[in-house]
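> Let me see the structure of the following:
(2 chains)
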2 protein chains.
Amino acid sequence: MTQNELIKQLSKKTDSKILFFVLDGLGDLPHPDFNNKTTLEAATHPNLDTLVSKGICGLSEPISPGITPGSGPAHIGLFGYNPIEIQIGRGLLDTLGVDFSFTKNDLAARGNFATVDDNGILTDRRAGRIPTSKNEEICKILSEIKIDGVEIFLKTVKEHRFSVIFRADDLCDDIADTDPQKEGLKPLKAITKNEAANRSADIANEFLQKAYEKMKNLDPANSMLLRGFSKMIDIEHYQEVFKLNPASISVYPMYKGLTKLLGMKGLKTGKTIKDEFDTLIENYDNHDYFFMHIKKTDSYGEDGNFQGKVSIIEEFDKQLKRAMDLNPDVIVITGDHSTPALMSGHSWHPVPTILYSDLCRKDKITYFSEDECLKGGLGRVNSQSLMPLAMANAGKLNKFRA
Amino acid sequence: MTQNELIKQLSKKTDSKILFFVLDGLGDLPHPDFNNKTTLEAATHPNLDTLVSKGICGLSEPISPGITPGSGPAHIGLFGYNPIEIQIGRGLLDTLGVDFSFTKNDLAARGNFATVDDNGILTDRRAGRIPTSKNEEICKILSEIKIDGVEIFLKTVKEHRFSVIFRADDLCDDIADTDPQKEGLKPLKAITKNEAANRSADIANEFLQKAYEKMKNLDPANSMLLRGFSKMIDIEHYQEVFKLNPASISVYPMYKGLTKLLGMKGLKTGKTIKDEFDTLIENYDNHDYFFMHIKKTDSYGEDGNFQGKVSIIEEFDKQLKRAMDLNPDVIVITGDHSTPALMSGHSWHPVPTILYSDLCRKDKITYFSEDECLKGGLGRVNSQSLMPLAMANAGKLNKFRA
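Sure thing, here's the model as predicted:
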């Protein structure tokens, strides 16, 4: 029995409320240019410290020791699902960010508009990063392409990036990228070694031929590359597994899409952390579980911008008070993985985590940092266990057998 | 997907270097005769303390809580493989120590030369621990034995102990020991309840009959007992799983054999810890991963020799400085299991462990002991996670998906 099969047996609907905050890339490393502090140690965060004093803390380990996760699997784990078993293909993940209702018959790929010379040789894999408005124009032209028995959808993502979705029975995503990864080469054909994907590859190639024909006189985006062919995944919704009526608050489109896959209602919000908390407060009465995603801790971490990451933690801390004033039954604050400013990238280090509830068996920790969380009452816990813990603390899990 | 299937997907070749030191049986218990100190606490080890100050420490758990491992599974776990799935039969394990190139068609058993009386009753299961030179003479005589369609190899191990290897197609190791475990009984026949092993058991019995015939006039070794029939296992090499070019340094032959199974190059070394470090330094440029095995911490632990174990830890500490001066990217220091001097045997207690790298998220621990490791930043970690952590810290693992 998987963890979620067990949780599904035990979970029950109650009135209690869970707030689940994910600061993307929250974990950090001591930085020699900043008194050997981590961003969490350099930031002032009185509200996080109040919450850690009232609650329990620890270190959340995404996936397993030593593994540096991408955001997709890292969130799948935080949401309580098995991130190794549940594979979300890159084409799907990117397309989740656009406003599109996937069906099980859909095969998605992420696309780049690109530039080729008269001989069909790639001269720019990103077509000079054309403006998004230009991308929208091209998608409109390409949406005229017809293939027998297949519905085709084109969705602008941003600049040169778009998604294409093929809808038909029995499609298969075992198809190699058409992107040769280097300029000076021709775009590849969509190739598969899997018989079950032959027809899908034929469809992709027919689409590519028709697209090349329609684009040949455009400038600079006169070609395209397709990557990460992926089919819709079949995943049980939060309503079934956890008996929750869940809502998701995120500035970044991908997380709206990802949480929609799990049955969460994506709440319309603005662009700032304050906007996200406004959205939480406005919708507080309508749901019993809220996921809120804070993107910029990760973005600044990726840029190696220590001070930027500090400022986002401080901004989050300021807003957090408003959520605490709602008196939710359970609050979880964690990250999906570490993105140390020192490394300018994701890492494998476990992530500082707070769990607050009246029944959490409070530890002695009063300050929120990587070092203090090491001594916390949650211990080192796999990220996949945070949802069961939140559910238990919210009184939403029945006893396992007699 | 298993851990190593995931690691194999993510691992990449880089120039960084990993030193992986295993002090066999390192973990200990407080000893009432020595101020309630453990051997690690009684020893002086300034270099280990420097390394723990610069690195991160914790407790490595072999297999799973409460399980006392033999050296075979304990090392399989440390090497990053699943020690419950990968079973190395005792016959194979013993034979690994001799210089022999196993093939997948080989069936090995460990043998004892023994003494029987005129009625064939065992009077000494170890034939008075005959000298190794005598053992070699007998092996030479026995190597004249012929069985149709089977190649037979005899290898002296030490004193009364030898290995026999049968090479033929479709052999099977599901055969009971011929050792009745007690004197006053006759040696047993090689028996199997598994049809697939019928022919293999027949081969073993034909060999035994011919051997008894050749040995009947010898004194005192006029019979033999066979135990631990085992076939060669199929295990993916370090080159494939970790993309490493690994070398192994060990005084004790079994570890040479065991690491050879994993694709490691066994480096020729002497008999002392200093010799082992000499070998490391001489070969440092030629490999990106070195396993070094220190045997005597375990031997003295098994003997209940507290001071002996202390002296080996101190000798290792002295030599360790030379390895630190090489400036490797990652150093791991651990044991395969605990061998408390107080217990004179292996135990289930988790093992003090250091991981050093520039990116290890250093903890506050400055002294290397069981107690201090309990508070370390590595936490309690299954021994199987140490290789993925070493790989991550060496920058040898790609990100897991997007």
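> tell me which residues form a beta bridge with the residue lying closest to residue A:89 once chain neighbours are set aside?
In space, and not counting its chain neighbours, residue A:89 is closest to residue A:230: 2.2 Å by C-beta to C-beta, 6 or more residues apart in numbering or on different chains. In this view, the C-beta of every residue, glycine as well, is placed from N, C-alpha and C. When assigned by DSSP bridges, residue A:230 has beta-bridge partners residue A:108.
> Could you measure from residue A:230 over to chain B?
According to C-beta to the nearest C-beta, to the nearest Å, residue A:230 and chain B sit 11 Å apart.
> Just the pLDDT for the closest residue to chain B within chain A.
Across chain A, the shortest distance to chain B (C-beta to the nearest C-beta) belongs to residue A:66, at 3.2 Å. For residue A:66, the pLDDT comes out at 98.
> what number of residues lie near it?
25 (other C-beta atoms under 10 Å in any protein chain shown).
> Just the CA atoms of the lowest-mean-pLDDT helix or strand in chain A, as CSV, please.
For chain A, counting by mean pLDDT, DSSP states H and E, helix A:90-96 ranks last in confidence among helices and strands (a mean of 81). Extracted C-alpha coordinates of helix A:90-96, given in CSV (Å, rounded to 0.1, in the frame of the first residue of the first chain):
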residue,chain,number,x,y,z
ARG,A,90,8.8,18.8,-19.2
GLY,A,91,6.3,19.6,-22.0
LEU,A,92,3.4,19.1,-19.6
LEU,A,93,5.1,21.0,-16.8
ASP,A,94,5.6,24.0,-19.1
THR,A,95,2.2,23.8,-20.6
LEU,A,96,0.6,23.7,-17.1
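> quick one: it to chain centroid distance?
10 Å (C-alpha atoms, centre = their mean, to the nearest Å).
> Can you verify my assumption that the residue of chain A closest to chain B contacts residue B:385?
Yes. Counting by C-beta atoms under 8 Å, residue A:66 does reach residue B:385; the two are 6.5 Å apart.
> Around chain B, pick out the residues from the stretch 1-150 of chain A.
Residues of the stretch 1-150 of chain A lying near chain B by C-beta under 8 Å from any C-beta of the partner chain: A:29-30, A:59, A:63-73, A:84-85, A:87-88, A:90, A:93.
> please redo it, this time with the cut-off set to 7 Å
Contact residues, the stretch 1-150 of chain A versus chain B (C-beta under 7 Å from any C-beta of the partner chain): A:29-30, A:63-73, A:84, A:90, A:93.
> which pair in the residues you listed spans the largest distance?
A:30 and A:90 (32.9 Å; C-beta to C-beta).
> can you pull the pLDDT of residue A:102?
86.
> what about residue A:355, which helix or strand?
strand A:351-356 (DSSP states H and E).
> hmm, I was thinking of residue A:386
Assigned by DSSP H and E, residue A:386 falls in helix A:386-393.
> Tell me what angle that helix forms with strand A:351-356.
Angular relation of helix A:386-393 and strand A:351-356 on a 0 to 180 degree scale: 10 degrees, by axes from the mean of the first three to the mean of the last three C-alpha atoms, to 10 degrees.
> can you list the residues that contact helix A:386-393?
A:3, A:7, A:11, A:18, A:20, A:60, A:78-80, A:242, A:330, A:332, A:334, A:353, A:355, A:357, A:359-360, A:397 (C-beta atoms under 7 Å, 6 or more residues apart in numbering or on different chains).
> Stretch A:123-130 now?
A:112-117, A:159-160, A:183, A:220-221, A:225.
> just stretch A:39-55 next, same as before
A:28, A:34, A:306, A:309-310, A:313-314, A:317, A:320-321, A:324, A:331, A:333, A:341, A:352, A:354-356, A:360, A:362, A:365-370.
> ok, the residue nearest to residue A:292 when sequence neighbours are not counted to residue A:294 distance?
Computed as C-beta to C-beta, 6+ apart, the closest residue to residue A:292 that is not its neighbour in sequence is residue A:249, at 4.5 Å. Residue A:249 is 10 Å from residue A:294, where distance means C-beta to C-beta, to the nearest Å.
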